[in-house]
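Asks: Starting from these lines, generate the structure:
(2 chains)
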Amino acid sequence: MRHRLPTRPLVALAWRHRLHWLYLGYTLCFLGFLFGMGVLERWGLPRQYIGFIFLAAPLVIYAIIGVLARTTDPAEYYVAGRRVPAFYNGMATGADWLSAASFIGLAGTLYLSGYGGLAFVMGWTGGFVLVALLLAPYLRKFGQFTIPDFLGARYEGQLPRLIGLVATILCSFVYVVAQLYGVGLITTRLTSIASFEIGIFLGLGGVLVCSFLGGMRAITWTQVAQYIVLIVAYLVPVMWLSANQTGVPLPQWVYGQQLQAVGQAEIRLKADPREQEVIRLLRDQARGLDEKMAHPEAALQADRDAAWQQVEALKRENAPLYEIQAAERTLARLPASAEVAVAAWRQARDDLLARARPLAGMPDHDQQFDGRPDGTAEERGRYDTSRRNFLALVFCLMVGTAGLPHILMRYYTTPSVREARASVGWSLLFIVLLYMTAPALAVLVKYEIFNHLVGQRFEALPEWIATWNRVDPSLLSVSDVNHDGVLQLGELRIGSDILVLAMPEIAGLPYVITGLVAAGGLAAALSTADGLLLTISNALSHDFYFRMVSPRAISSRRVMLSKLLLLLVALGAAWVASQKPANILFLVSAAFSLAASAFFPALVLGVFWQRANRWGAVAGMLAGLGVTFWYMATTHPWLRGGLGITTPVRLWWGIEPISAGAFGVPVGFAVIILVSWLTPAPPAEVREFVQRLRYPRAD
Amino acid sequence: MRPAGRLQRAGCDRQQQVTGREVQAVPSGAAHPSPSDLVARQRAHWRGVRRWTAGLLACWILSSFGMPYWARSLDLSLGGSPFSFWWAAQGAMLLDLVLVVLYAWVMHRLDRRLDLGDGV
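Replies: Next up, the predicted model:
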């Protein structure tokens, strides 16, 4: 007769109860803080103080948690002592996963692309099924510290470990640069800090103060706190807006009827003669730019002459100083040479043509894919291609989720295999809370803009348009193209990044809500940056230094080295981010494709197929990475420019470079299987190792 | 020369050392289970794991790829929004959540039935 295990040891239970009370207290304090700030705003506290307090106060709390959780023990530093209960690990993983892209960029992308943007929503949630079924329990049973650890043990060698290490650093570094860039954006937009670089370094300070002293232990507990902030910051404004529009504060439930209303507004706007007039005028402007590009030198000279004459005329009339200065600035900003001018005009013309379409270039919000399956051959072609690209993107993002080391590593920190499985469930729940709300947010804002903003007179436009326009005109601008004094949809240019940050003002909510949203965005960016930096520094100190270079290093030295590397990598990433690299969205998506092709086939076959051996894994990982990188390099304009590739672009089955992993992953699988069959089987020890992975407890 | 490819055998069981819990209280005097009994249980366990993994993955593939593939033909209106839009925006996520929770529950039951679990 076997005795059953006691349900939970008393010590662990007391620990969990303490956590519950701590975080409940924290949540109530945060809500109290929010309420208090609202009262202060009513009493007249100026906006920049509100913005500053909302950014600084949570940072202080994260710093306190980070300092309280400091440690030098390797098990605590690398995997938080494996004591994180599933519920809290889920919250921390959720915060780690929800980055600045999810918090700020997603709703804007959904606003601009409708159904097409849902590929991101599906892709970024669906991958967790792969993690739960294929990876998390087995990694937890393996029980080391990092993903290259697993590769090194399963494939018995330093080469798989090394490849895993390089891929980890590549994917994570690219991702962390994007997060720090997001931190810079938030701090400069919402406070009076003028310099982008200072914003980034302040954010960097926030990141380091949590992760530097306590590693995974500090990061996990800080991320739980950051999750609470970010989910409140995302849900409160949308619920308020939903209550305003429909009377029901549950946006995920009611936005269906708003979607219908948006559909009707779309029909109305497409048929409006004044919108069509705006489209014609924008096309005329584009044609004007085309003519300029036909004779660039003459046109540039004509522009210079006109600007010069303007300045002279203002000086002669003794116009006010600021007008003269504005005219001089216009003159100074003219392009220096004909090539630069042509490039600028081409960009502007493409921009105008994109806007000179019904609904300012946006598709019908609920239309699935371009074209029509039962239309002309051209329409059918467009339908097939857009559907294929949607599915390929969903595939890449999902498989990439199950290949990103900083997420997979989190399942090492739970106490048992059973808790690891439960933890994936909790992670997904906390992530779904935000992702279910993002489409609702996009629809509600679209309703607000289509029905309340469009059609207003220019003099009566709300304050927030002018404010955001001053901050960054490329993100938000209005101009009366047809000079009728009324705002048409085609005259409004709104960038995707601004939607979430400006949404409280669009909805007419008090300024504290804008501060709250900024605090949420900062929490999202900092939590992800923390997790990524730790992954990189762990890869370097544990996988490279300890496992490969100096296996006899004592534990305190390993942890010291990890802290030092964290600092250096963070500074390096901040420097790269402050250069404002272009194409951040592409870099982040590239990280997904590369992680998917490098890690997913090797990890899954490592667990489920005993025959997979060292040669297969090495060949497969390199082949997957190689195919993905080669496809991106030969088809994406930015990489092509950087590497100087000039052969014509040939897309395979019309798949865009952002989904290059759709080719890398199958190639990875095929190569591992083929090469493993052709080379000797792994020894008996490896087979036993794989066997042991499969059961939570070997007797 | 450092031996390459040494397995971290201890790693698999480290969880028990770190958390310091007693795994199995076998009453003194009872015989340890025979090896063939263990192998049979392990085989049954792995069979169950494979079946459930395959089944749940099939549901997942249908929901995540099948539904968008046939999105246009599934365009019925459901309480105000077209069904395929709602599925991509909310339904697929909720199904994923159900699949993950179901997997955790089923696996725990399997572990307990075959006495191969480590969960508390």
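Asks: Counting neighbours, which bits of stretch A:199-212 end up buried?
Replies: Neighbour-count burial for stretch A:199-212, counted by 16 or more other Cβ atoms under 10 Å in any protein chain shown, picks out A:199-204, A:206-212. C-beta: built from backbone N, CA, C; applies to glycine.
Asks: Mind checking which of those residues are in helices?
Replies: A:199-204, A:206-212 (DSSP state H).
Asks: Could you dump those residues into JSON lines with pLDDT added?
Replies: Shown next, in JSON lines, are those (pLDDT from 0 to 100):
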{"residue": "A:199", "pLDDT": "78"}
{"residue": "A:200", "pLDDT": "81"}
{"residue": "A:201", "pLDDT": "82"}
{"residue": "A:202", "pLDDT": "78"}
{"residue": "A:203", "pLDDT": "78"}
{"residue": "A:204", "pLDDT": "83"}
{"residue": "A:206", "pLDDT": "78"}
{"residue": "A:207", "pLDDT": "81"}
{"residue": "A:208", "pLDDT": "84"}
{"residue": "A:209", "pLDDT": "80"}
{"residue": "A:210", "pLDDT": "77"}
{"residue": "A:211", "pLDDT": "79"}
{"residue": "A:212", "pLDDT": "80"}
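Asks: got the residues you listed as TSV, with distance to residue A:255 columns?
Replies: Below are those laid out as TSV (distance: Cβ to Cβ, whole Å):
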residue	distance to residue A:255
A:199	33
A:200	35
A:201	39
A:202	36
A:203	33
A:204	37
A:206	34
A:207	35
A:208	40
A:209	39
A:210	35
A:211	37
A:212	42
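Asks: Can you tell me which of these lies closest to chain B?
Replies: residue A:211 (21.7 Å; Cβ to the nearest Cβ).
Asks: my guess is the closest one contacts residue A:566, does it?
Replies: Yes: look at residue A:211 against residue A:566 with Cβ atoms under 8 Å: they come within range, at 6.3 Å.
Asks: any shared contact partners between these two?
Replies: A:533-534 (Cβ atoms under 8 Å, 6 or more residues apart in numbering or on different chains).
Asks: Give the burial count for residue 64, as a bare number.
Replies: No chain was given, so I picked chain A. Around residue A:64 there are 14 other residues, counting by other Cβ atoms under 10 Å in any protein chain shown.
Asks: if you could check chain B rather than the one you did, that'd help
Replies: Here the number of neighbours of residue B:64 (other Cβ under 10 Å) works out to 26.
Asks: Report the contact partners of the nearest residue to it once chain neighbours are set aside.
Replies: Excluding the flanking residues, the one nearest residue B:64 by Cβ to Cβ, 6 or more residues apart in numbering or on different chains is residue A:126, at 4.9 Å. Taking Cβ under 8 Å, 6+ apart, we find residue A:126 in contact with A:394, A:397-398, A:401, B:60, B:64, B:92-93, B:96.
Asks: which of these has the most neighbours?
Replies: Going by other Cβ under 10 Å, residue A:398 tops those with 28 neighbours.
Asks: Quick check: that one vs residue A:91, distance?
Replies: Using Cβ to Cβ, to the nearest Å, we find residue A:398 at a distance of 22 Å from residue A:91.
Asks: same check, this time on residue A:151
Replies: Counting by Cβ to Cβ - residue A:151 and residue A:91 are separated by 28 Å.
Asks: Now for chain A, the helix or strand with the poorest mean pLDDT.
Replies: helix A:637-643 (a mean of 75; mean pLDDT, DSSP states H and E).
Asks: Counting by contacts, list what the next helix or strand after that one packs against.
Replies: Toward the C-terminus, helix A:637-643 is succeeded by helix A:661-678 as the next helix or strand (DSSP states H and E). Judged by 3 or more Cβ pairs under 8 Å, 6 or more residues apart in numbering or on different chains; DSSP states H and E, helix A:661-678 is in contact with helix A:377-401, helix A:584-608, helix A:614-635.
Asks: How about residues contacting helix A:661-678?
Replies: A:392, A:395-396, A:399-400, A:592-594, A:596-598, A:600-602, A:605, A:609, A:611-613, A:615-617, A:619-621, A:623-625, A:627-628, A:631, A:652, A:655.
Asks: In PyMOL, how would I select just the buried ones from those residues?
Replies: Selection of buried members from the contacts of helix A:661-678 for PyMOL, criterion 16+ other Cβ under 10 Å:
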select buried, chain A and resi 392+395+396+399+400+592+593+594+596+597+598+600+601+602+605+612+613+615+616+617+619+620+621+623+624+625+627+628+631+655
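Asks: related to what we said a few turns ago, can I get the contacts of residue A:126 in a markdown table with distance to residue A:319?
Replies: Converted to a markdown table, the contacts of residue A:126 look like this (distance: Cβ to Cβ, whole Å):
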| residue | distance to residue A:319 |
| --- | --- |
| A:394 | 57 |
| A:397 | 55 |
| A:398 | 60 |
| A:401 | 59 |
| B:60 | 68 |
| B:64 | 63 |
| B:92 | 61 |
| B:93 | 59 |
| B:96 | 63 |
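Asks: Show me what residue of the stretch 251-400 of chain A gets nearest to chain B.
Replies: residue A:256 (3.4 Å).
Asks: Whether the helix or strand containing residue A:431 contacts chain B - can you check?
Replies: Secondary structure assignment for residue A:431, by DSSP H and E: helix A:417-435. Yes: judged by Cβ under 8 Å from any Cβ of the partner chain, helix A:417-435 comes into contact with chain B at A:417-419, A:421-422, A:424-425, A:428-429, A:432, A:435.
Asks: Residue A:90 is in contact with residue A:427, isn't it?
Replies: Yes: assessed by Cβ under 8 Å, residue A:90 is found in contact with residue A:427 at 4.4 Å.
Asks: between these two, which one's more packed in?
Replies: Each of residue A:90 and residue A:427 has its neighbours counted (other Cβ under 10 Å); residue A:427 has more, 28 against 25.
Asks: Now do the contacts for the more buried one.
Replies: A:89-90, A:93-94, A:97, A:128, A:410.
Asks: Keep only those of those that are in strands.
Replies: Among the contacts of residue A:427, DSSP state E puts none in strands.
Asks: what subset of the contacts of helix A:661-678 is also close to chain B?
Replies: residue A:395.
Asks: So what does residue A:46 have for phi and psi?
Replies: Phi and psi for residue A:46, reported as degrees, to the nearest 10, are phi -70, psi 160.
Asks: What is the neighbour count of it?
Replies: Counted with other Cβ under 10 Å, residue A:46 comes out at 10.
Asks: Could you report the separation of it from chain B?
Replies: Relative to chain B, residue A:46 is positioned 39 Å away (Cβ to the nearest Cβ, to the nearest Å).
Asks: pLDDT wise, what is that residue at?
Replies: On pLDDT, residue A:46 comes in at 86.
Asks: Residue 66 - how many residues pack around it?
Replies: You didn't pick a chain, so chain A it is. Neighbour number of residue A:66 under other Cβ under 10 Å is 24.
Asks: think we crossed wires, I meant chain B
Replies: Neighbours of residue B:66 using other Cβ under 10 Å come to 15.
Asks: what separates it from residue A:147, distance-wise?
Replies: Distance from residue B:66 to residue A:147, counting by Cβ to Cβ: 31 Å.
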